[in-house]
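Student: sequence first, predicted model second:
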Amino acid sequence: VLSEVCELQGDYLGSRDYATLALSLATQLGNHDLAMLANLAKGNALARLGDIEGAIGHQRAAVEIAIELTDHHTEGRCYGALGLSYHALGHPHIATEYMEKSQDIFLRIGDLESLAVAYSHTGETCFALGDGQAGLQYQMKALEIAQRIGNTDVEETVLRSIELREDSMRQSSSFIEQPR
């Protein structure tokens, strides 16, 4: 919990440190639930700190435990985190695979809020792949769900992303060379 509080406040070093402590306690106590959540928190903190390889190791450990415990919600979160990490490493195809796993889980368990976030992240990855049409489709799915459930944070994030893409497209079309 303290790790997540630190993360929300932007204190990624604190988040990493509390997650490391929680992971140590989980190991001592043999508590798999705590180990799963601590691995995910530490992975997310490491990703924010730029240690993507380290992040992936902890995110993989967390997803393995989530599968073992049949904790589908956390499994979906882990796949989403892995998707973001692989995106950060410059591997958008692998990122998309993980994000689609995340979407499938959230759709199956009916977690619309997490599904909207997963669609938004997948949209960003599609944009990185140069597939603006697919990116926009995912962003529109995220926007529709966010509006339906009243999640203004996701709605604002998606609208900003769409606006940035539209601005980028306008700028690139204005730079087309005119015949001499």
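Tutor: Yep, that arrived. Residues are numbered from 1 along each chain as shown.

Student: where does the protein have low pLDDT?
Tutor: Along the chain, the parts satisfying pLDDT under 70 run over 1, 169, 172-180.

Student: quick one, strands of the protein?
Tutor: In the chain, no segments count as strands under DSSP state E.

Student: longest helix anywhere in it?
Tutor: Secondary structure of the chain per DSSP state H: the longest helix is helix 152-174.

Student: now that one - C-alpha only, PDB.
Tutor: Presented in PDB, the C-alpha positions along helix 152-174 are these (Å, rounded to 0.1, in the frame of the first residue of the first chain):
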ATOM      1  CA  THR A 152     -13.100  11.500 -16.300                       C
ATOM      2  CA  ASP A 153      -9.400  10.700 -15.800                       C
ATOM      3  CA  VAL A 154      -9.300   8.200 -18.600                       C
ATOM      4  CA  GLU A 155     -11.600  10.300 -20.700                       C
ATOM      5  CA  GLU A 156      -9.300  13.300 -20.400                       C
ATOM      6  CA  THR A 157      -6.200  11.200 -21.100                       C
ATOM      7  CA  VAL A 158      -7.700   9.700 -24.300                       C
ATOM      8  CA  LEU A 159      -9.000  13.100 -25.500                       C
ATOM      9  CA  ARG A 160      -5.500  14.600 -25.000                       C
ATOM     10  CA  SER A 161      -3.900  11.700 -26.900                       C
ATOM     11  CA  ILE A 162      -6.400  12.100 -29.800                       C
ATOM     12  CA  GLU A 163      -5.700  15.800 -29.900                       C
ATOM     13  CA  LEU A 164      -2.000  15.300 -30.000                       C
ATOM     14  CA  ARG A 165      -2.300  12.900 -32.900                       C
ATOM     15  CA  GLU A 166      -4.500  15.300 -34.800                       C
ATOM     16  CA  ASP A 167      -2.000  18.200 -34.200                       C
ATOM     17  CA  SER A 168       0.800  15.900 -35.300                       C
ATOM     18  CA  MET A 169      -1.100  15.000 -38.500                       C
ATOM     19  CA  ARG A 170      -1.800  18.600 -39.200                       C
ATOM     20  CA  GLN A 171       1.800  19.600 -38.700                       C
ATOM     21  CA  SER A 172       3.200  16.800 -40.900                       C
ATOM     22  CA  SER A 173       0.700  17.700 -43.700                       C
ATOM     23  CA  SER A 174       1.800  21.300 -43.500                       C
END
